[in-house]
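Engineer: predicted structure and sequence below. I'll ask about it afterward.
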Number of protein chains: 2
Amino acid sequence: MNYSVSEENYIKTIFHLQKKEGTVTTNELAGELKTRPASVTDMMKKLKAKKLLHYQPYQGFRLNNDGTKVALAIIRRHRLWEYFLAEKLKFTWDEVHEVAEELEHVSNKKLIDKLDAFLGYPKNDPHGDPIPDANGKIDTGKKIRLPEIPLHTPCIVSGVSNQSGEILELLEHKKIRIGTRLEIRKKFDFDESLEIKSGKQTITTISRQLAENILITHEA
Amino acid sequence: MNYSVSEENYIKTIFHLQKKEGTVTTNELAGELKTRPASVTDMMKKLKAKKLLHYQPYQGFRLNNDGTKVALAIIRRHRLWEYFLAEKLKFTWDEVHEVAEELEHVSNKKLIDKLDAFLGYPKNDPHGDPIPDANGKIDTGKKIRLPEIPLHTPCIVSGVSNQSGEILELLEHKKIRIGTRLEIRKKFDFDESLEIKSGKQTITTISRQLAENILITHEA
DNA sequence: AAATAAATTTAGTCAAATCTAAAAAATTAA
DNA sequence: TTAATTTTTTAGATTTGACTAAATTTATTT
């Protein structure tokens, strides 16, 4: 029921990798975790013994139901802390991930559920990724991006899908943050740039690349 | 510059133990950490090699300057998280210690300084113990307890020095929490009980034992 | 389909942090 | 001041998670 930091990092990483392909290979995992293939094999035997994943030598691995539950609990912790760091402690979007990597391993269930309540049960972390609820349910519906919103429809920024310092700088400059109310005023076909009204009054123009990275909630 | 969870627990415990006596013995430390004397000796060699404490075989040990700095950083983290848990997440006073024992080992300096700012630079944790500042300065002045406050002098509850569930239950019942404004109305010599006005209007009587455990700030 | 290359696993080490059992030092008591 | 007791340290083993190097399995070429 309780896993080491190392075990948790393996489980979490397998979860992320297997979303793309059905199964994860030894080398992939070693690359992602910056460890050696031999170490991965060792850990896979251990996690198999703990019945968290399917694993046959040379065949790759895949989390089973129990393993997925564990992964979702870790991801819930990670994303709630990210939200807390950005929203309450005023960390910038590109700083939260690193700190959350440490906080996610504090696995007191009551702590996390109370943190969730304190934050107002947020649905997405600052990068727009969905936060699993206390039962491990996660919103798998794909993200809505700004270009998909119709003209003159007020909406609210719920995250960005790109965490680079550059995009942050630009968004900061344009005063676009999580919770900012936006409305598209005009779409220019030539370069697909958008003229938007943001916050109270500000009118500005943003590029297609930028708009593609702005995630939106409808509830507005 | 970075210490393992285990090393941190040893350092922190030595700090607390040596406050009472000048020096700490192997058995004392083993008892406190629920480990074996042989393990303590091993760790003392390691911490001596890292120049965090004075240690001569059979002579006990004592943190040096560097070790004390490390201890104060850990205690700062612990107490800030305790404050956060009680104040923001609504944990009760008797629950915060256990959770903070885990959170204290996340040693990102920026995280802790931002947390401190978010909390409004609190001076004491929910048990009334002083919180070291970002430079490791700690208020060593002794705590003021409710019986020391003169009659009709408004003051504010800053903590309790006893963390039992029983005292919590009583304080909860009387609606006395951190931040509650109190004023002593009458002191009864017979049993040293106090009649106090708490919060807006409530008048109630509390025993000497209870009053002794209520810590007070003057700023009110 | 054999030969080569790549991926994976096995075997054997290592460091950190713990333990038990035995030895050594310090303390207390007779 | 010896003897007995307690405290502390040493020596050797164990567990976890990592590593290197060698062996094995799978995949890719020619």
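Structural biologist: Great, that's in hand. Residues are numbered from 1 along each chain as shown, chains lettered A, B, ... in the order given.
Engineer: can you count the residues close to A:H173?
Structural biologist: By the measure other Cβ atoms under 10 Å in any protein chain shown, the count of residues near A:H173 is 9. (Each C-beta comes from the backbone N, C-alpha and C, glycine too.)
Engineer: how about residues contacting stretch A:98-115?
Structural biologist: Around stretch A:98-115, the neighbours that count as contacts under Cβ atoms under 8 Å, 6 or more residues apart in numbering or on different chains are A:2-3, A:5, A:8, A:12, A:73-74, A:76-82, A:84-85, A:91, A:134, B:85, B:89-91, B:95, B:99, B:102-103, B:106, B:108, B:110-111.
Engineer: distance between it and the chain's centre?
Structural biologist: Put simply, stretch A:98-115 sits 15 Å off its chain's centre (Cα atoms, centre = their mean, to the nearest Å).
Engineer: follow-up on the earlier one: please flag which of the contacts of stretch A:98-115 sit within helices.
Structural biologist: Of the contacts of stretch A:98-115, the ones assigned to helices by DSSP state H are A:5, A:8, A:12, A:73-74, A:76-82, A:84-85, B:85, B:99, B:102-103, B:110-111.
Engineer: quick one: buried ones out of those residues?
Structural biologist: A residue is treated as buried here by neighbour count (16 or more other Cβ atoms under 10 Å in any protein chain shown); on that basis the buried members of these are A:8, A:12, A:73-74, A:76-82, A:84-85, B:85, B:99, B:102-103, B:111.
Engineer: what about the most centrally placed residue in chain A, distance to A:E95?
Structural biologist: A centroid search over chain A (Cα atoms, centre = their mean) returns A:D129, at 3.4 Å, as the residue closest to the centre. Distance check for A:D129 against A:E95: by Cβ to Cβ, to the nearest Å, it reads 16 Å.
Engineer: equivalent analysis for A:K45, please.
Structural biologist: Spatial separation of A:K45 from A:E95 under the definition Cβ to Cβ is 36 Å.
Engineer: and A:N64, backbone torsions?
Structural biologist: Summarising the backbone geometry of A:N64 under the convention degrees, to the nearest 10, its torsions are phi -90, psi -170.
Engineer: need the contact list for it.
Structural biologist: A:N64 makes contact with A:K51, A:L52, A:L53, A:H54, according to Cβ under 8 Å, 6+ apart.
Engineer: among these, name the buried ones.
Structural biologist: Of all the contacts of A:N64 considered here, the ones buried according to neighbour count by 16+ other Cβ under 10 Å are A:L52, A:L53.
Engineer: could you pull out the strands for chain A?
Structural biologist: Per DSSP state E, chain A has strands spanning A:53-55, A:61-63, A:144-145, A:155-160, A:181-187, A:194-198, A:203-206, A:214-217. These are given in chain order.
Engineer: surely the residue nearest to the centre of chain A touches A:R79?
Structural biologist: Yes. Under the contact definition of Cβ atoms under 8 Å, A:D129 touches A:R79, with a separation of 6.2 Å.
Engineer: tell me the pLDDT at the residue located most distally from the centre of chain A?
Structural biologist: Computed with Cα atoms, centre = their mean, the residue of chain A farthest from its C-alpha average is A:F190, at 32.4 Å. With respect to pLDDT, A:F190 scores 87.
Engineer: ok, it to A:T205 distance?
Structural biologist: Plainly put, A:F190 is 12 Å away from A:T205 if you go by Cβ to Cβ.
Engineer: chain A against chain B: which residues are in contact?
Structural biologist: A:85, A:88-91, A:95, A:99, A:102-103, A:106, A:108, A:110-111, A:114-115, A:117-118 (Cβ under 8 Å from any Cβ of the partner chain).
Engineer: need the contact partners of stretch A:182-201.
Structural biologist: Defining contact as Cβ under 8 Å, 6+ apart, one finds that stretch A:182-201 is touched by A:146-147, A:149-157, A:174-176, A:180-181, A:203-208, A:211, A:214, A:216.
Engineer: any idea how many residues pack against A:L146?
Structural biologist: Counted with other Cβ under 10 Å, the burial measure for A:L146 works out to 21 neighbours.
Engineer: from A:E32, how far off is A:L17?
Structural biologist: If you measure A:L17 against A:E32 using Cβ to Cβ, the figure is 6 Å.
Engineer: let me redo that: A:Q59
Structural biologist: From A:Q59 across to A:E32, the span is 19 Å (Cβ to Cβ).
Engineer: of these two, which one has the most company?
Structural biologist: Neighbours around A:Q59 and A:E32, counted as other Cβ under 10 Å, are more numerous at A:E32. The numbers are 16 against 10.
Engineer: what pLDDT does the nearest residue to the more buried one once chain neighbours are set aside get?
Structural biologist: Taking Cβ to Cβ, 6 or more residues apart in numbering or on different chains as the measure, A:E32 lies nearest to A:T13, with 5.1 Å between them; neighbours along the chain are not counted. We note a pLDDT of 98 for A:T13 in this prediction.
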